[in-house]
Structures are given as structure tokens and as C-alpha cells.
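Student: Please work out how this folds:
(one chain, ligands or ions: 1)
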Amino acid sequence: MDTIKSNRLLTFFYTPKKRNLYKSASKLPGPYGLPIVGSSLRFLGQASDIYKCIDGLFLEYHSANIFKVWFGTKLVYCTADAKVFDIVFTSPHALRKEPFYNLGDKLFGGGLFSQKSIPKWRRNRKFITPAFNSQMLNSFMEVFVQRSNELIEFMRQYEKKKDVDLYDFLSRYALKTICDTAMGVNIDTEPEGDSFNHWIERALEILIERIFNIYYQIDIIFCNSALGKEFLDLCDKSRSFTRKIIVKKRQQMEEEKKNKDIYYEAAEGRKLLTFIDMLLKVTYEDNKSYFTDEEIVDETITLMGAGSDTTSNTNAFALVLLGMHQDIQEKVLAEILEVVGPERNVCVDDLPHLKFLERVIKETLRVFPVGPILARTLDGDINVGDHVLSKGGSICFGVLRLHRKNAAKIQPGSYVPFSYGPRNCLGLRYAMMTMKVILATILRRYKVFTDYKSIEEIDIKCSVMTRPINGYKLYYESRK
Ligand code: HEM
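Tutor: Numbers count the residues shown, from 1 in each chain. Have a look, this model is predicted:
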């Protein structure tokens, strides 16, 4: 059994270490909490109920800048205030993700997204960042275009069908794209490629249920439950597939090396090293023992997850919004035809000119931010003006609530779909480029419709990412 977690549950004493937390909490409003379990019992349920409950609290305490929730013995400060977000997300005391993220370690391990050691995160972030610099991104353009063209061809067979799962197609092609670009590995012949995103999606949904279920925080209870067994199986399958890709990549590199020295070429500036080239090089060629085999899997599966589901989710929501607003869809089309024309492929130089399309993507991310809530743990006190957030507490940001605030309350810094500060999204520019190419390619070929009539009709759940409870309800037909 995970003794640290079970001790945390059982020993709820007023220790001097916690005195500041209680003092800080006593000044804030928040829901009633029982001894030991706090308010945690109200979050029991499935991903859809959990988000409703969290959102309900944000609405109930909307007039307070910050409110508190005792989750078990943990004090969670909750806020949808742009000023607090700004101070906390740029503070050196809030670099660590909330330890709840680590309940997903069996899936993502210590990849960049969930890495809890700050020195290790800093080192890895610095190491991986150049794999997404401008030169690299421009070199990915050919793949973005080719995969988008394949996607619209694939879509042809499902034209006008109302029960089509367009999100599934988008995420399959996004996975192929991230594997082609960040890894230089083609997964077309791998049967698991079509299931990987479903495994991750379901695993994340279970993870949310685990995070908010105080009983499931204890490893032995979770791992022996039906949900826990399903989670472990999904982790196993997803990581095995990731290992298979890494092995394929290593074999590919060995083959390439027989003919030429790819690293020598890289040093000469004649070859760009992808994210995985860099990881494998530093581990196996330079003998620096930078990453263990499992750490390479951690970073790779993190990028595969973060790099595909996020963009496909946003693309699907963008198509839903354009399906609702046919006039805006026509304006986007007119821009695409003006900038790119009716036949030619989109190229790098077109991207800055697709301004209206960019506004549509940004509006989509405002209304449906990929991460509806973000959470950090506090390694030091942080003064946010009228309150001091105490070391040892956690902070939960209602990004979706912040984004949907009444226009009159909007302050600078109220738009944070990629988070910000040192731990912001590493793939921001990659994401914007690939989303523009895919949407421009789809919209030029198809007219898109949805059965949703308004944003309010779309019930949201949080499976780590924002998802529509009842699907995207998209269908499409060829443009004449
Ligand atoms: C619409 C697309 C995307 C959105 C809205 C998005 C949003 C975010 C957000 C909000 C975070 C911070 C999460 C937190 O603090 O808990 C994040 C982190 C991250 N994202 Fe993205 N992301 C997108 C696409 C991508 C892509 C395409 C990649 C990779 C190519 C990527 C890689 C990462 C990584 C590695 C992190 C962790 C960074 C760190 O902790 O240092 N993301 N993303």
C-alpha cells in the first residue's frame, strides 16, 4: 500500500507545520468540510459529474477572488481570477504540478508534463525545446500538408453520414503527424495506431475519477478495483506501443548510420534532429546516461498524448462552432480561397495571412480551452495582493470559467489556453501551425454541419481535457 497517501488520510492533526494553512483557509469562503475527508465526498462520480460539481463551485463562489476546498487534508485554493493566475503562474514557488497529476505516473511517468522534480524538469525542458524551434517547425510543414490531404481523402467515404465520429479521424491523423514529425517514424502499418488515442482518452477519464475519489487515492484500493485494472491495462497497452515505436526508430537509425553519419550531418547543419533523435543520441551515442530507457518512453508518450489529442480536440470544437455559424464558415472559406486559392497546398508563407482562421481557432480555445482546470502545488508562500497563499497548499485554476467571464469583468491576462510562465505549453507554435493547415484543408473541401444550435447546448466534461459529453455531432458534405 502507498503508505504516504494512507497516512495522509489517517493523520489529520493540527500540526505546527499546517498552522499557516488553517490560518490562511479561515479567511476564505468555501464549502463545508467534514473532518478527515473535507469536502471530497461531493466529487465522487464519473468525469461528467465531477466537472459539473467543480464548475458549480466556481459559479457559487464567483463573487470571491479565491475560495477554498478541503480535499481530504489538503487545502486547495480555487480561483478564476486573471491577476492571481498571473502572479502564481510566473512564481518560482508554483512550478510543481499538483501531486494529483502523479496518480497518472503509470501512464506518463516523469514526462515533461507531470515531472515533479523541478531540476529534472528544467533540464529536460531545456533539452527538448530546440526540437520545436522555427527551423524545425517549418521543416514539418510538408508532413502537415500531406497528412491533411490524406485525411480529407479518408473522410470522403463518410460524407453526409450523421453518425460519423470526425473527432476519431482527426485524432488518428494527428497521431500519425506527431509521430512523423517529432519522431520521424511512420506508424501507418501499426494496427495499434488506430487505438492509441482511445486508450489515452479512456485512461485520462479514469484518472480524473481516481483523482476526485478519495478512496481511490490509496493504491491498493484503486489497483484492485475494476476501474484500476482497466487503467493499468490501458497504461500497459499504450506504453508497449510507445516502446515499439522507439525500437522501430532505433532500428531505422542503425540502418541510416550504415550509410552515413546522421549526427555528423546534424553538426554540419545538413540534417535537423527530431525530438527522439536528440533523446536517443544523448542516451546511446554520447554515453551521457541522460535518460533511462523508461524515461525515453515517458517523454515520448507525453508528446504523443499532448501533441495529438489536444489539437484534434480543438479542431473538432472549431468545426462545431463553424457548423453552428455558417456565415463565419463562409468567411473563413473566402479567406482560404483568397490566400491559398482553390487547388494549391497550404505553404508556410500562407500561415500568417490566414488571420481570420486564426481568430476562429483562438475563439475556440477561449470557449473550449483544452485544459478547463489547471493545478499547481505551492512550494512557498505567494502574496496575491489581498491574500497570502500558504506553502503546502494547492491551487486550482478555473480556466474555462475565466475564459467565459462576463466581458465587463475581463482583465488583461484573461486568456490562457496554453497556460503561461515557465511551465507553459511547449507545443504552442506547433499546435497553431498544424491546426491552421488541417482546418484550411478540410474547410476548402467540405462544408461542415453540427446538430448543436448553441454553445450552451454542449454539456462539458473534464477528462483532463475538455470534452463534449454527447460527442461533437459533426457531419459534412463536399463543396460543389
Ligand atoms: C490546441 C493545442 C494545445 C493546447 C491548448 C495545449 C495546452 C497546454 C497547457 C494548458 C499546458 C499546461 C498544462 C498544465 O499546466 O497543467 C500544456 C503543457 C504542455 N504541452 Fe500543450 N497544448 C496544446 C498542444 C500541444 C502540442 C501539439 C504539444 C507537442 C507538440 C504540446 C506539448 C506540451 C507539453 C510537453 C507540455 C508540458 C510543458 C511543461 O510542463 O514544461 N502541447 N499544453
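Student: CA atoms for contacts and neighbours, from now on please.
Tutor: Noted.
Student: I'd assumed residue 107 was in contact with residue 295.
Tutor: No - between residue 295 and residue 107 there is no contact under C-alpha atoms under 8 Å: 11.7 Å.
Student: Looking at those two now, which is surrounded by more residues?
Tutor: residue 107 (25 against 16; other C-alpha atoms under 10 Å).
Student: Identify the residues contacting the closest residue to residue 53 other than its chain neighbours.
Tutor: In space, and not counting its chain neighbours, residue 53 is closest to residue 43: 6.5 Å by C-alpha to C-alpha, 6 or more residues apart in numbering. Listed by C-alpha atoms under 8 Å, 6 or more residues apart in numbering, the contact set of residue 43 reads 49-50, 53-54, 212-213.
Student: again, only this time at 7 Å
Tutor: Residue 43 is in contact with 50, 53, 212-213, counting by C-alpha atoms under 7 Å, 6 or more residues apart in numbering.
Student: Could you list the residues of the protein in contact with the ligand?
Tutor: Residues of the chain lying near the ligand by C-alpha under 6 Å from any ligand atom: 112-113, 125, 303, 306-307, 310-311, 314, 370-371, 374, 417-419, 423-428, 430-431.
Student: one more time with 5 Å, if that's ok
Tutor: Residues of the chain lying close to the ligand (C-alpha under 5 Å from any ligand atom) are 113, 306-307, 310-311, 370, 374, 418-419, 423, 425-427, 431.
Student: which residue ranges form the strands in the chain?
Tutor: For the chain, the strands defined by DSSP state E cover 66-71, 74-79, 373-377, 382-383, 388-389, 394-398, 446-450, 460-463, 465-468, 474-478.
Student: Pick out the shakiest of those strands, pLDDT-wise.
Tutor: Note on these: lowest mean pLDDT is at strand 460-463, with a mean of 90.
Student: Now do that strand: distance to the chain's middle.
Tutor: 13 Å (C-alpha atoms, centre = their mean, to the nearest Å).
Student: now the residues of the chain next to the ligand as TSV including neighbour count?
Tutor: Below are those laid out as TSV (neighbours: other C-alpha atoms under 10 Å):
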residue	neighbour count
113	21
306	18
307	23
310	18
311	22
370	24
374	15
418	16
419	18
423	19
425	15
426	19
427	16
431	18
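Student: Going by distance to residue 346, which of these wins?
Tutor: Of all those, residue 431 has the smallest distance to residue 346: 15.7 Å, by C-alpha to C-alpha.
Student: Just the pLDDT at that closest one, thanks.
Tutor: Looking at residue 431, its pLDDT is 98.
Student: who's the nearest residue in space to residue 479 that is not next to it in sequence bridged to?
Tutor: In space, and not counting its chain neighbours, residue 479 is closest to residue 446: 5.2 Å by C-alpha to C-alpha, 6+ apart. Judged by DSSP bridges, the bridge partners of residue 446 are residue 478.
Student: And stretch 54-67, what's buried?
Tutor: Residues of stretch 54-67 classed as buried: 54-55, 57-58, 61-62, 65-67 (neighbour count, 16 or more other C-alpha atoms under 10 Å).
Student: now stretch 444-461
Tutor: By 16+ other C-alpha under 10 Å, the buried positions in stretch 444-461 come out as 444-450, 452, 458, 460-461.
Student: same thing with stretch 357-367?
Tutor: Using 16+ other C-alpha under 10 Å as the test for burial, stretch 357-367 gives 357-358, 360-367.
Student: Contacts for that stretch, please.
Tutor: Outside of stretch 357-367, the residues within contact range by C-alpha under 7 Å, 6+ apart are 314, 317-318, 332, 400, 403-404, 415, 417.
Student: could you redo the last one with a cut-off of 6 Å?
Tutor: Stretch 357-367 is contacted from outside by 318, 332, 403, using C-alpha atoms under 6 Å, 6 or more residues apart in numbering.
Student: before we move on, what about stretch 337-345?
Tutor: In contact with stretch 337-345 (C-alpha under 6 Å, 6+ apart) are no residues whatsoever.
Student: okay, how far is it across that stretch, tip to tip?
Tutor: By C-alpha to C-alpha, to the nearest Å, the extent of stretch 337-345 from end to end equals 11 Å.
Student: starting at the chain centroid, how far to stretch 147-160?
Tutor: On C-alpha atoms, centre = their mean, the centre of stretch 147-160 falls 25 Å from the chain's centre.
Student: Stretch 284-296 now?
Tutor: Here stretch 284-296 is found 26 Å from its chain centre; the criterion is C-alpha atoms, centre = their mean.
Student: Stretch 447-463 now?
Tutor: On the basis of C-alpha atoms, centre = their mean, stretch 447-463 sits 20 Å off its chain's mean C-alpha point.
Student: can you check stretch 424-435 too?
Tutor: Averaging C-alpha positions (C-alpha atoms, centre = their mean) puts stretch 424-435 11 Å from its chain's average.
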